[in-house]
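**Student:** Any chance you can model this:
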Amino acid sequence: MQQEENVLGINGVPAGIEFWLNCLFLMIKKHISYLDTIIGTITSDELLRSQAATLGRFSQDH
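**Tutor:** Got it, this is the predicted structure:
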């Protein structure tokens, strides 16, 4: 029974996987501001494109 506790980490996740998930989480946390910048840029580009398309359609209609 003691053996099983060593193999399984928190919530029954194997300790090795838990370690890698933790590493991944820390990496994501480290790069989140960088990702936010990229996502923000993409989002604003998409917004500008959709606004331009809407304006283009509007000017064609009138």
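**Student:** Confirm that L35 lies within a helix, as I assumed.
**Tutor:** Yes. Residue assignment for L35, taken from DSSP: H, G, I helix; E, B strand; the rest coil, places it within a helix.
**Student:** mind checking how far I38 is from K30?
**Tutor:** Going from I38 to K30 by CB to CB, to the nearest Å gives 14 Å. C-beta here means a position set from N, CA and C on the backbone, and glycine is covered the same way.
**Student:** Show me where the chain dips below the pLDDT cut-off.
**Tutor:** 1-15, 59-62 (pLDDT under 70).
**Student:** Which other helices and strands does the strand or helix carrying F19 contact?
**Tutor:** Using DSSP states H and E, F19 maps to helix 15-61. Helix 15-61 makes packing contacts with no helix or strand when contacts are defined by 3 or more CB pairs under 8 Å, 6 or more residues apart in numbering; DSSP states H and E.
**Student:** same thing but 10 Å
**Tutor:** Contact here means 3 or more CB pairs under 10 Å, 6 or more residues apart in numbering; DSSP states H and E; on that basis helix 15-61 packs against helix 2-7.
**Student:** Residues in contact with stretch 35-46: which ones?
**Tutor:** Counting by CB atoms under 10 Å, 6 or more residues apart in numbering, the neighbours of stretch 35-46 from elsewhere in the structure are 28, 31-32.
**Student:** run the last query once more with 7 Å
**Tutor:** If you take CB atoms under 7 Å, 6 or more residues apart in numbering as the criterion, stretch 35-46 is touched by no other residue.
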